[in-house]
Each structure stands twice: as C-alpha cells, then as structure tokens.
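# Provided below for reference: sequence and predicted model.
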Amino acid sequence: MSEKTPDIIVVKIGSSLLIDENGVPRRTWLETLVEDIARRHQSGHNIIIVSSGSIALGARKLGLEKGGRSNLADAQAAASIGQITLSSLWSELLAAHDITAAQMLLTLDDMEDRKRYLNATATLEKLLEHRAIAIINENDSVATDEIRFGDNDRLAARVAQAASADRILLLSDVDGLYDRRTGSETEGQFIGVVETVDENIMAMADGSSSSGLGSGGMTSKLEAARIANLAGIELSIISGREDHPLQRYELTNVGTIFKAGDGTNARKSWLGGRLTAAGTITIDDGAAAALNSGSSLLAAGIITIDGQFQRSDVVDIQTADGQTIARGLAEYDALDCAKIIGRRSSELEAMLGYAPRSAVVHRNQMAMV
C-alpha cells in the first residue's frame, strides 16, 4: 500500500490578530502560533501561510492616518515598506524551528489568468516538495482598487485551490459564524457546520472588519468558503484571539466548518472560484433549468448580453432576476453573440456566415456557482 500524501493546510492570519492598535506586531502571540505551525510541520503536514499586516506595519513607520487606508497611494506605499518587516518577522520565527520561509506576493490577475495561475501552482508545489513554508500576501504595493482581492480570505481560498490543499483555517476575532451579529458583541445562534454557502448563509454576514485594521469581514470569509467548496476543500473559521490558536482548536473543536464539495474538475473549480468576468449573459428560465440539469448554454435561451468579451473569455451567466448561476468560457465574442440572441441553432450559420459552434458556453467549460 502506498504511503498517504501529507495533508496540505492553508492558515490565514488577519491584520487585527497580527498587529496591535499601535501598528506593532503582537510578537508574543505570533510566537505561540508559530509553535503550533512548527508542531504540525514536524508531524508531517505541509503548511502554507497567508498573512496580512504589511499595510498596518508600513503605516506606522510612515505615520499615516487610518492605518494607511485613507487612500490607494497611502496603502501602496505602506505595503511596500511593511512587507519587508512582515516577511522578516515570519522568516525569523520559523527559522527558530529550523523551517525555511519563502515569500510569494500575488495579485488578482495572477489567480484569474489561467497561465499565471498554473505558474503559481508550480511554485507552490516545488516549495512544498522541499518542505518550505510559503508566506503569501496580496501584492498591495501594485494592486489597484479595481484589480485586487481586497481581502486575504478569498486569496487564501484561491491559494488553497492552486496548491490542491486539503484544509483552510481562517483565524478570526470570533469563534465562527453566528446567525446574526449586532455591534461589537456576538449574539445569536452559533453555526457549527455548513454544508453549502447559499443565500441564507450569506445573509448572516455583517461584511465589516471590526478592528479597522483589515479589509475583510464575515462576508469575505463566506465567499472564501464558497470558493473552497467548489474546489473540494474544507474550510474552518476559528478564533485567533488567544495564544496557541491551532492547539486550542485541536483541543476544543470550537469553530465553524464549511464542508468540501466534490471538487472533481480542476478547470471548473478554477472557473467557479474566479472573482472577475469579462461580461455577463442573461438567460431565460428554460435555459436556467437546462444548465442546472447539466446542459450547455444555447443561443435560444439568451435574453441579453453585457460586456465586450472575446471568445475564450470568462463570462458570468445570470437569470432574469440578476442571480449568477454559472461561469464559463464564451465560444463566441460579444459581437457575434449579440447577433444570435434568442435564435435556434439551425438559424445560426446563415446569420453568422460560418459554421456555428455547438454552444455559446459549453457545459465542459462551465461551472455552476
């Protein structure tokens, strides 16, 4: 019998846990977390760390207001300075346990472009092969308001997808998901296990970052859970407020677990986990039912299109009421797609002047979301 492949675990740490209100690293707490990580690493697990904190650290050094988040220029400058401190801190603490640290700075485009995504995957595979721990952050020094993850929860999910990880642990300032949250105090019913991130689950999020240091909130964590589910990865939200947070989780099992989906098709999970699209195709109820039953999208079911997409671009597919139900690669550019809206397949060749493709979005190039 072949030996079991070691688990790959992605651990995400937010700014509010890593940095105090004065912009100083919470070193004592971080040392306990690194001890937890080192223990898992030494027992055979492969670990990837997604770490926030560069903007908060750099803002303190530059004396910037609002933690460096007053405007994009401040955030970019703060990140370029703070990232040096952040990576050095991680490298120092991991080296104390004889673990080699690596740094990867990623942008949204690195995960949304298929070729660059595969390059990132290859890098992660090689680092894991050599038992190095990658410290990953969004490249905030070059990211723009329009083209960015905006939070490291979703970045962690996409990194986990690229690394074919088994689990994601999102360290938070709360124990997990509650069905409602009012003010700064957690109230309501605790949700221990979530099978699917649907509209009812998303409605439980508050969308805010309580510390003011970070950019995420429960909404971003639930979006990360949706990406993880599509990729067949289990995700947990656990508290990081106390020392040794990973050890505490092992002992108490307190947290919210989001179950993994089947994750059978890597290309479809990449499509489903994307955060951007070149255009939108709105379809009628009949086409929506056909897609849900596993069919391709035909021109006859299209109501409208939006965006200047080209063939092979990623498009969102939504119902008439605006709900996105699928994402896929367009077989036609927007100009030709506009000509064949609502038309039957038998009419397309005469309208386009060339032999039509079998579908506007083929089922093999589509992911339901």
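Cool, the structure landed. Numbers count the residues shown, from 1 in each chain.
# Which parts of the stretch 151-300 of the chain are helices?
Counting by DSSP state H, counting those that start in this stretch, the stretch 151-300 of the chain has helices at residues 152-162, 199-202, 218-230, 245-252, 266-273, 285-292.
# Can you add mean neighbour count, mean pLDDT and distance to residue 352 and give the ones you listed back as JSON lines?
In short, each C-beta sits where N, CA and C put it, glycine included. Listed next are the helices of the stretch 151-300 of the chain as JSON lines, based on neighbours: other Cβ atoms under 10 Å; pLDDT from 0 to 100; distance: least, Cβ to Cβ, whole Å:
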{"stretch": "helix 152-162", "mean neighbour count": "28", "mean pLDDT": "92", "distance to residue 352": "36"}
{"stretch": "helix 199-202", "mean neighbour count": "12", "mean pLDDT": "86", "distance to residue 352": "38"}
{"stretch": "helix 218-230", "mean neighbour count": "25", "mean pLDDT": "91", "distance to residue 352": "33"}
{"stretch": "helix 245-252", "mean neighbour count": "16", "mean pLDDT": "96", "distance to residue 352": "57"}
{"stretch": "helix 266-273", "mean neighbour count": "21", "mean pLDDT": "76", "distance to residue 352": "25"}
{"stretch": "helix 285-292", "mean neighbour count": "16", "mean pLDDT": "95", "distance to residue 352": "20"}
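# With distance to residue 78 added, can I get those helices in a markdown table?
Output for the helices of the stretch 151-300 of the chain, formatted as a markdown table (distance: least, Cβ to Cβ, whole Å):
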| stretch | distance to residue 78 |
| --- | --- |
| helix 152-162 | 15 |
| helix 199-202 | 31 |
| helix 218-230 | 20 |
| helix 245-252 | 26 |
| helix 266-273 | 28 |
| helix 285-292 | 44 |
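# Quick one: closest of those to residue 350.
Across the helices of the stretch 151-300 of the chain, residue 350 has its closest neighbour in helix 285-292 (22.0 Å, Cβ to Cβ).
# So which elements touch the closest one?
Helix 285-292 sits against strand 324-329, strand 366-368, with contacts defined as 3 or more Cβ pairs under 8 Å, 6 or more residues apart in numbering; DSSP states H and E.
# go with 7 Å
Packing partners of helix 285-292 (3 or more Cβ pairs under 7 Å, 6 or more residues apart in numbering; DSSP states H and E): strand 324-329.
# orientation of the strand it packs on relative to helix 266-273 in degrees?
With axes from the mean of the first three to the mean of the last three Cα atoms, to 10 degrees defining the directions, strand 324-329 sits at 130 degrees from helix 266-273.
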